[in-house]
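Engineer: structure for the following, please:
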Amino acid sequence: MATPVHVLITEPFGKELVHRVEQVSERLAVHVHAARTAEEIPGPILAQVEVLYTLRAVPEPGNAPNLKWVQFHMAGVDRVAGHPLLQSGVELTTLSGAAAPQVAEYVLMAMLALGHRLPLILEHQARTEWPRDRWERFSPFELRGATVGLVGYGSIGREVARVCQALGARILAVKRDAMRPADQGYAPEGLGDPSGDRVARLYPPQAVKRMMAECDYVVVCAPLTDETRGWIGAEVLSACKRGAFLIDVSRGGIVVSEAVIAALREGHLQGAALDVFETEPLDAENPLWRAPNLVLSPHIAGNSPHYDARAVDLFVENLKRYLAGQPLLNRVDPQSGY
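Structural biologist: Down below sits the predicted model:
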């Protein structure tokens, strides 16, 4: 009989989702032990684990001698950046692609809300006002015919491209390797842009200002790394087309909040929607709360009642690949940080 492959899941998955994992192969010995930190995992379990599925309960390399692969329950690994395991040779994969549908819907919601003046409409509703100049005051900026620029062309950017293109928008994108448009990561069937042909033009990161100058909507969906921290600041925002809209669903720290506030107050940005912040929760005294034409949400763009099920879809696919000795999807490159 083949040696069992011990799999530890530290997320509180229900029996149905765990059963889906167990059904991948009789070789799997699946353990479920909810843990927020590696210290909460019993030593005997950790000692035999070969595959770990976790949010951030990442053990020291010496405490998990049989560990070969960690599947993270998140798309970004910036929260565990610098951990010794990332440089230990253990295979690391992310959940990139599993949250793309709901994040893309959030982006679309923000685009339509900003373009159709929903924040202003709600202000007048709260004051029980029916403005006489309503046609001019609430004149919409339509998505059809607009140019949407995506800062980052991973799973989220590609799904945003798909839904926006369906509504008649032109798509531009910044991608680290602009010469390779195809998607090498996980994408559910029918979603995203696997071949990279939905985008009218790809730009390298150093040309981000050139792209933003053409865009009516700019969506930030890049990973947080040493290179992207503070990337979208005053200099980059000044390159935006005047009257553009900014939407950030990336990680807090890529977009500089002070620069967004200044661009909104000056009218250079017509509106913005931010879902992520450098410090979370956002302090009640933060000036972002009082910035004009700004929609704030408490880092919920990726939230969905289907999140865990979509996560297991990806995990199951990667487990099949692991057992077959095939390359895993969404492999982390420790050098690039994602």
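Engineer: start to end distance for stretch 144-155?
Structural biologist: Using C-alpha to C-alpha, to the nearest Å, the end-to-end distance of stretch 144-155 comes to 23 Å.
Engineer: that stretch: which residues count as buried?
Structural biologist: If you call a residue buried by 16 or more other C-beta atoms under 10 Å, then stretch 144-155 has these buried ones: 146-155. C-beta coordinates here come from the backbone N, C-alpha and C atoms, glycine included.
Engineer: so what sits opposite residue 269 in the bridge?
Structural biologist: residue 244 (DSSP bridges).
Engineer: which residues are in contact with the residue most central in space within the chain?
Structural biologist: Centroid-nearest residue in the chain, with C-alpha atoms, centre = their mean: residue 250, separated by 5.2 Å. Neighbour list for residue 250: 151-152, 220-224, 228, 276 [criterion: C-beta atoms under 8 Å, 6 or more residues apart in numbering].
Engineer: okay, and which of the residues you listed map to strands?
Structural biologist: Among those, the ones falling in strands (DSSP state E) are 151, 220.
Engineer: among the contacts of residue 250, which ones are buried?
Structural biologist: Buried residues within those, counting neighbours by 16+ other C-beta under 10 Å: 151-152, 220-224, 228, 276.
Engineer: which of the three states applies to residue 56?
Structural biologist: Secondary structure state of residue 56, per DSSP: H, G, I helix; E, B strand; the rest coil, is coil.
Engineer: surely it meets residue 78?
Structural biologist: No - using C-beta atoms under 8 Å, residue 56 is not in contact with residue 78, being 10.8 Å away.
Engineer: and which of the buried residues of stretch 144-155 is nearest residue 163?
Structural biologist: The shortest approach to residue 163 among these belongs to residue 148, at 10.0 Å (C-beta to C-beta).
Engineer: quick one on the thing from earlier: what about the buried residues of stretch 144-155, which are in helices?
Structural biologist: Using DSSP state H, residue 155 are the members of the buried residues of stretch 144-155 that sit in helices.
Engineer: and the buried residues of stretch 144-155 as a markdown table, adding distance to residue 331 and pLDDT?
Structural biologist: Putting the buried residues of stretch 144-155 into a markdown table (distance: C-beta to C-beta, whole Å; pLDDT from 0 to 100) gives the following:
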| residue | distance to residue 331 | pLDDT |
| --- | --- | --- |
| 146 | 35 | 98 |
| 147 | 33 | 98 |
| 148 | 29 | 98 |
| 149 | 27 | 98 |
| 150 | 22 | 98 |
| 151 | 23 | 98 |
| 152 | 18 | 97 |
| 153 | 18 | 97 |
| 154 | 13 | 95 |
| 155 | 14 | 96 |
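Engineer: now the buried residues of stretch 144-155 as a markdown table including distance to residue 213?
Structural biologist: What follows is those, written out as a markdown table (distance: C-beta to C-beta, whole Å):
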| residue | distance to residue 213 |
| --- | --- |
| 146 | 14 |
| 147 | 10 |
| 148 | 14 |
| 149 | 9 |
| 150 | 15 |
| 151 | 13 |
| 152 | 18 |
| 153 | 18 |
| 154 | 23 |
| 155 | 26 |
